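Enquirer: Below: sequence and its predicted model.
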Amino acid sequence: MTKFSDLNLNPKVLKAIEEAGYETPTPIQEGAIPPALEGRDVLGIAQTGTGKTASFTLPMITLLHRGRARARMPRSLVLCPTRELAAQVAENFDIYAKHTKLTKALLIGGVSFKEQDQLIDKGVDVLIATPGRLLDHFERGKLLLTGVQIMVVDEADRMLDMGFIPDIERIFGLTPFTRQTLFFSATMAPEIERITNTFLSNPERVEVARQASASETIAQHVVVFRPSRKDREGSEKRAVLRAMIESEGENCRNGIIFCNRKVDVDVVAKSMKKNGYDAAPIHGDLDQSTRMRTLDGFRDGTLRFLVASDVAARGLDIPNVSHVFNYDVPSHAEDYVHRIGRTGRAGREGRAMMISVPRDDKNLEAIERLIQTEIPRMDNPAKVGAAPNAPEPAAEEAKPARTRTRTRREKPAAAPAETVEQPQPQTPAAAEESRGKSRSRPRGGERRKGEREAEVVGMGDDMPSFIALSFAERRTG
Ligand code: AMP
């Protein structure tokens, strides 16, 4: 088995790795570090969680160890698609470079930059940046990229999703032709292939298999349940979530709750708070300082639950999470592996629990196919939802009987039922999501219907059936 000491890394880097507690290099590190140290271009096809950050940071530190930075001329450049990722790379750099004298600056939008500007003015060895912010600085004449010896592009496929490819091409053009390029992407879309063909020179291609299996230290469970009524799905799922958390007791030290949509991230976080849980949302529509504050709180243990969307959580390295809750079954099976991979890290025990409703059946099957395991079913810990073997309510059921059944359920369900308002969507996409939602769960329509039914039943359980029939007829008429 390859050891870090076999990789020709600088002894100061080796010392930092040892102190970080790493014993052996991960496959991407084993594959990328040797060619990077030889000065070759590297094309790493790997995703977060594989140790890819260290696979470019460690050789960079070793290569830059000798030499000094000049004013406004960084010696290396790491481009990241998001501020969080850039901040994370910077944290990694601090850990691995702590026994060296190398300096770094972090150039990201949304926070104050006076200090970073001063650092750049003095000269930094490593500049970690998001593309837009970097170009802003460049255009203001604050920065020269002609001293860049090593350029790293991290998460290129995500840059593509976010429309940064033209910026990346421009930045490539501003750096010297002789630079070394370390390029990372989880997938190789045709556009990414084109970029690598244009800007990389005879790269060593290191591909790490997509993670298709979940760590064995993660205990997985799913509650398969059917809401008692379609329009109660949300409140009942939230009741199931709370009951799941309670069933874990003190073992649930902290957790990430994943939702498929931004609107649900907000609704779930609000509902959790209302029910006395220490929870906060994180998604792309929140401003930078709120996101940073939330993440910091979660990392340092002052926030117990992080309610997140896949996009916001992707790439975030948050160690030491005891639980992952999938409030929704993800629609891409691979997302399930990523989500639950937030727990059970580095050999620790972790627990992953998911809520599945009937329309998730296909996605649940796809996940089980991908991980080649049947996720153990657990009993619904909450007293909500339809009885396990209850027939689907027939559309043309006898109206009076249906009226009575619904009302009886309505009363006891009043405890978990909540009135969490839908937040106002902040982006066109969110607005679109929200419109879709109001179409599928008619707000006024169905509620009014329920209310009228309640009025009918308010006449008493012994109401003659012809009275209800006359109401029902008027409703449909
Ligand atoms: P990354 O894919 O770069 O986001 O890294 C995922 C996590 O793995 C981070 O928490 C790293 O600190 C950790 N890590 C990276 N390399 C190793 C290693 N060789 N051994 C153990 N943990 C590692």
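Expert: Arrived safely. Numbering: from 1, shown residues only.
Enquirer: For the closest residue to residue 150 other than its chain neighbours, which residues count as its bridge partners?
Expert: Of all residues not flanking residue 150 in the chain, residue 76 sits nearest, at 4.1 Å (Cβ to Cβ, 6 or more residues apart in numbering). The way it works is simple: take the backbone N, C-alpha and C, and place the C-beta from them, glycine included. Beta-bridge pairing of residue 76 under DSSP bridges involves residue 126, residue 150.
Enquirer: Relative to the ligand, how far out is residue 76?
Expert: Distance from residue 76 to the ligand, counting by Cβ to the nearest ligand atom, to the nearest Å: 17 Å.
Enquirer: Just to check, that residue is in contact with residue 126?
Expert: Yes - with contact defined as Cβ atoms under 8 Å, residue 76 and residue 126 form a contacting pair (5.0 Å).
Enquirer: what touches both of the two?
Expert: Any residue near both residue 76 and residue 126 by Cβ atoms under 8 Å, 6 or more residues apart in numbering counts here, and that gives 60, 64.
Enquirer: What's the local residue count around the closest residue to residue 322 other than its chain neighbours?
Expert: Distances taken as Cβ to Cβ, 6+ apart place residue 253 nearest to residue 322, at 4.2 Å, with adjacent residues excluded. For residue 253, the neighbour count with other Cβ atoms under 10 Å is 12.
Enquirer: How much space separates residue 358 from residue 233?
Expert: Counting by Cβ to Cβ, to the nearest Å, the gap from residue 358 to residue 233 is 10 Å.
Enquirer: what about those two, which has more around it?
Expert: Set side by side, residue 358 and residue 233 show more neighbours around residue 233, with 19 against 12, by other Cβ under 10 Å.
Enquirer: residues contacting the residue nearest to residue 150?
Expert: Counting by Cβ under 8 Å, 6+ apart, the residues that residue 76 touches are 60, 64, 125, 126, 127, 148, 149, 150, 151, 152.
Enquirer: one more time with 6 Å
Expert: Going by Cβ atoms under 6 Å, 6 or more residues apart in numbering, residue 76 touches 60, 126, 150.
Enquirer: ok, which of these also contact the ligand?
Expert: With Cβ under 6 Å from any ligand atom as the criterion, the contacts of residue 76 include none near the ligand.
Enquirer: Any chance of TSV for these, columns pLDDT, distance to residue 223 and neighbour count?
Expert: TSV is the format used below for those (pLDDT from 0 to 100; distance: Cβ to Cβ, whole Å; neighbours: other Cβ atoms under 10 Å):
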residue	pLDDT	distance to residue 223	neighbour count
60	98	46	26
126	97	46	25
150	98	49	23
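Enquirer: Going by distance to residue 273, which of those residues wins?
Expert: residue 126 (39.4 Å; Cβ to Cβ).
Enquirer: if you average pLDDT over the strand or helix carrying residue 296, what comes out?
Expert: Assigning secondary structure by DSSP states H and E places residue 296 in helix 288-299. Helix 288-299 carries an average pLDDT of 86.
Enquirer: Determine the set of other helices and strands touching that helix.
Expert: Contacts defined by 3 or more Cβ pairs under 6 Å, 6 or more residues apart in numbering; DSSP states H and E place helix 288-299 against strand 279-282.
Enquirer: Partner strands of the strand it packs on, with direction?
Expert: Short version: by DSSP bridges, strand 279-282 pairs with strand 305-308 (parallel).
Enquirer: which SS class is residue 181?
Expert: Of the three states, residue 181 takes strand under DSSP: H, G, I helix; E, B strand; the rest coil.
Enquirer: now residue 78
Expert: strand.
Enquirer: what number of residues lie near it?
Expert: So residue 78, with other Cβ under 10 Å, has 27 neighbours.
Enquirer: which among the contacts of residue 76 gets closest to the ligand?
Expert: residue 60 (13.4 Å; Cβ to the nearest ligand atom).
Enquirer: Who are the packing partners of the helix or strand harbouring that closest one?
Expert: Element membership for residue 60, per DSSP H and E: helix 52-64. Contacts defined by 3+ Cβ pairs under 6 Å, 6+ apart place helix 52-64 against helix 11-20, helix 27-37, helix 83-96.
Enquirer: try 7 Å this time
Expert: Under the contact criterion of 3 or more Cβ pairs under 7 Å, 6 or more residues apart in numbering; DSSP states H and E, helix 52-64 touches helix 11-20, helix 27-37, helix 83-96, strand 150-153, strand 180-185.
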